[in-house]
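Peer 1: Here is a sequence together with a model predicted from it:
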Amino acid sequence: MKTMTLHVFDGLLLLSIVALAWASLATTDVRRSVILFMAFGLVLAVAWGRLLAPDVALAEAAIGAGLSGALLLAAVHRQPRPLSPVSSNDSRHQGPNGLSIVVRWAVTLLSAALAGTLAWALLHAFSSTPHNMLPQAISGNLAASGVSNPVTAVLLNFRAYDTLLELAVLLTAVLGIFSLGQATPGYQPAGPVFDGLVHWLVPVLILMAGYLLWVGAHAPGGAFQAGAALAAAGVVLRLAGRSRIGLPDGSALRIVMAAGVGVFLLVGLSLLLLGRPFLGYPPAWAGALILLIETAAMLSIAATLLLAFLGGQPESTGVKAAAKQQREEISL
Amino acid sequence: MINILSSILILAGVFFYLAGSIGLLRLPDLYSRLHALTKADNLGLGLLIAGLALHSQDLFTVLKLLLIWLAVLAASATSAHLIARQARRQETDS
């Protein structure tokens, strides 16, 4: 009876994931598409929970649904109002011209080929390797990893390379954001109700980030989830129209942006000097080193996500002062 | 005993969710839809969390569940207020 109910639940979950994904892609209204995408992310997070992967579920809910949704909504907000749905429906009824039919079929065939290859590779991977080998290898070495949460052990110890490269990707992304120039000015100051929420929500979010970072050593959590919570605090502050959203100014911001990769590399290289393999922590120090790297990574991740939400360089007080000085000189 | 009590609470919570969803789909205008959705969902979540709290192992879990409820209460009340205010402004503009 119990497994039966769970099967029904899983089936409904799968159906709603596919339906939401389809609806999000099929709608012509961009705003509706974004909101459906956020719902898709939330249902996907529940599916990760059902797969007993709470770490991924947390990351999906916080980054996939929450922050990506905020990012996409901000992008929609910045765009000029699209054509009204009626007129876009009209252009649809006119029928696609010859070129777009060819392109459409080519893309469909390519996607189908890609999906088939992925499915074949997955099937191959499942059938050729005994699937309990990896968990055994992890649980066998968990004691030496410095943490007791196997996910953190893999991300920050056994496969720390991968995480280092992920942080490098984030750093590259933030360089791209900086090249977009100055961020747009923020929103109007919020009314008393929203401002009241911000007053207590932001401290709670910061506390939650610290908790997620610390708890990652032995339970679901870690730098990515904590960074997302911290970035959410900044997003809420910006939405409430505050001029200060928690990002430091000038060179301090650059240091925070690079801290994740920097501390990671510093630890790895120091270990090389001490005659250990790159990022091969001595078991006695592993816990402390992982916490150190994760703290730096959390700050970098939060700064990156927040800068992505801003969509450009924050207008720092340093730049403002310089500009003001320049203006005064000109007027003199 | 605890099982029965928590089942009743969770079922009552599900009922409020259902009522809220039906209200969202069936009620005529934005304000009454907002009313149905936020009131019913907040109460539904409260009952759900009360039911789940009966199952939790320690006090810390209960406190975390309670924090979730309080956060959702504040967030949904605020967002309902913001949506309604925006709608009202657009009404007076036009």
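Peer 2: In hand now; what should we look at?
Peer 1: ok, A:Val236 to A:Trp48 distance?
Peer 2: Remark: distance between A:Val236 and A:Trp48 (CB to CB, to the nearest Å) = 25 Å. Every C-beta, even on glycine, is put in place using the N, C-alpha and C of the backbone.
Peer 1: I should have written A:Pro150 there, sorry.
Peer 2: Per CB to CB, A:Pro150 is found 16 Å from A:Trp48.
Peer 1: Same question for A:Glu60.
Peer 2: As judged by CB to CB, A:Glu60 and A:Trp48 stand 6 Å apart.
Peer 1: how about the helices in the stretch 151-300 of chain A?
Peer 2: Taking DSSP state H, counting those that start in this stretch, the helices of the stretch 151-300 of chain A run over residues A:160-178, A:192-215, A:223-239, A:250-273, A:283-310.
Peer 1: Please identify the deepest-packed of these.
Peer 2: Most buried of those by mean neighbour count (mean count of other CB atoms under 10 Å in any protein chain shown) is helix A:223-239; its value is a mean of 25.
Peer 1: Quick check, central residue of chain A?
Peer 2: For chain A, the residue nearest the mean C-alpha position is A:Ile63 (3.9 Å; CA atoms, centre = their mean).
Peer 1: pretty sure that one is in a helix, no?
Peer 2: Yes. A:Ile63 sits within a helix when classified using DSSP: H, G, I helix; E, B strand; the rest coil.
Peer 1: would you put the C-alpha positions of stretch A:270-289 in CSV?
Peer 2: Taking C-alpha atoms only, stretch A:270-289 is exported to CSV below (Å, rounded to 0.1, in the frame of the first residue of the first chain):
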residue,chain,number,x,y,z
SER,A,270,50.6,25.2,-0.1
LEU,A,271,49.9,21.5,0.2
LEU,A,272,52.2,20.9,-2.9
LEU,A,273,55.0,22.8,-1.1
LEU,A,274,54.5,20.6,1.9
GLY,A,275,55.1,17.6,-0.3
ARG,A,276,51.4,16.5,-0.5
PRO,A,277,49.4,16.0,-3.7
PHE,A,278,47.5,19.1,-5.0
LEU,A,279,44.5,19.5,-2.8
GLY,A,280,45.4,16.2,-1.0
TYR,A,281,44.6,17.4,2.5
PRO,A,282,46.2,15.6,5.5
PRO,A,283,43.3,13.9,7.3
ALA,A,284,44.0,15.8,10.6
TRP,A,285,43.5,19.2,8.9
ALA,A,286,41.0,18.2,6.3
GLY,A,287,37.9,19.5,8.3
ALA,A,288,39.4,22.9,8.9
LEU,A,289,40.7,23.3,5.4
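Peer 1: Could you list the low-confidence segments of chain A?
Peer 2: Within chain A, the stretches with pLDDT under 70 are A:1, A:81-98, A:129-131, A:316-332.
Peer 1: ok, and the closest non-adjacent residue to B:His55?
Peer 2: B:Ser6 (5.8 Å; CB to CB, 6 or more residues apart in numbering or on different chains).
Peer 1: Settle this for me: the one you found is touching B:Ile49, isn't it.
Peer 2: No. Using CB atoms under 8 Å, B:Ser6 is not in contact with B:Ile49; the gap is 10.7 Å.
Peer 1: I'd like to check the angle between the longest helix seen in chain B and helix A:192-215, please.
Peer 2: Assignment by DSSP state H gives helix B:59-93 as the longest helix of chain B. With axes from the mean of the first three to the mean of the last three CA atoms, to 10 degrees defining the directions, helix B:59-93 sits at 150 degrees from helix A:192-215.
Peer 1: Tell me the residues of the stretch 201-332 of chain A that contact chain B?
Peer 2: When proximity is defined by CB under 8 Å from any CB of the partner chain, the stretch 201-332 of chain A lies next to chain B at A:201, A:204.
Peer 1: how distant is stretch A:171-189 from the center of its chain?
Peer 2: A distance of 16 Å separates the centroid of the chain from that of stretch A:171-189, by CA atoms, centre = their mean, to the nearest Å.
Peer 1: distance of A:Ala302 from chain B?
Peer 2: Computed as CB to the nearest CB, to the nearest Å, the A:Ala302 to chain B distance reads 19 Å.
Peer 1: contacting residues for the residue lying closest to that residue once chain neighbours are set aside?
Peer 2: Closest residue to A:Ala302 apart from its sequence neighbours, by CB to CB, 6+ apart: A:Leu230 at 3.7 Å. With contacts defined as CB atoms under 8 Å, 6 or more residues apart in numbering or on different chains, the neighbours of A:Leu230 are A:205-206, A:209, A:246, A:298-299, A:301-302.
Peer 1: Specify which member of these is nearest to B:Val72.
Peer 2: A:Leu205 (14.1 Å; CB to CB).
Peer 1: before we move on, back to that, want to throw the contacts of A:Leu230 into TSV with distance to B:Tyr17?
Peer 2: Formatted as TSV, those follow (distance: CB to CB, whole Å):
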residue	distance to B:Tyr17
A:Leu205	26
A:Ile206	31
A:Ala209	30
A:Gly246	35
A:Met298	34
A:Leu299	38
A:Ile301	34
A:Ala302	33
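Peer 1: Now flag whichever of the residues you listed is closest to chain B.
Peer 2: Nearest to chain B, judged by CB to the nearest CB, of these is A:Leu205 at 9.5 Å.
Peer 1: A:Ala229 is in contact with the closest one, correct?
Peer 2: Yes. Assessed by CB under 8 Å, A:Leu205 is found in contact with A:Ala229 at 5.4 Å.
Peer 1: Can you tell me the closest non-neighbouring residue to the residue of the stretch 151-300 of chain A found nearest chain B?
Peer 2: Per CB to the nearest CB, A:Leu197 is where the stretch 151-300 of chain A lies closest to chain B, at 4.6 Å. In space, and not counting its chain neighbours, A:Leu197 is closest to B:Thr78: 4.6 Å by CB to CB, 6+ apart.
Peer 1: Next, give phi and psi for A:Gln313.
Peer 2: Note on A:Gln313: backbone dihedrals following degrees, to the nearest 10 are phi -70, psi 140.
Peer 1: So it versus B:Leu65, what's the distance?
Peer 2: Distance of A:Gln313 to B:Leu65, given as CB to CB: 41 Å.
Peer 1: quick revisit: with neighbour numbers in mind, choose between B:Ser6 and B:Ile49.
Peer 2: B:Ile49 (23 against 17; other CB atoms under 10 Å in any protein chain shown).
Peer 1: what sits against the more buried one?
Peer 2: When contacts are counted by CB under 8 Å, 6+ apart, B:Ile49 touches B:13, B:65-66, B:68-69.
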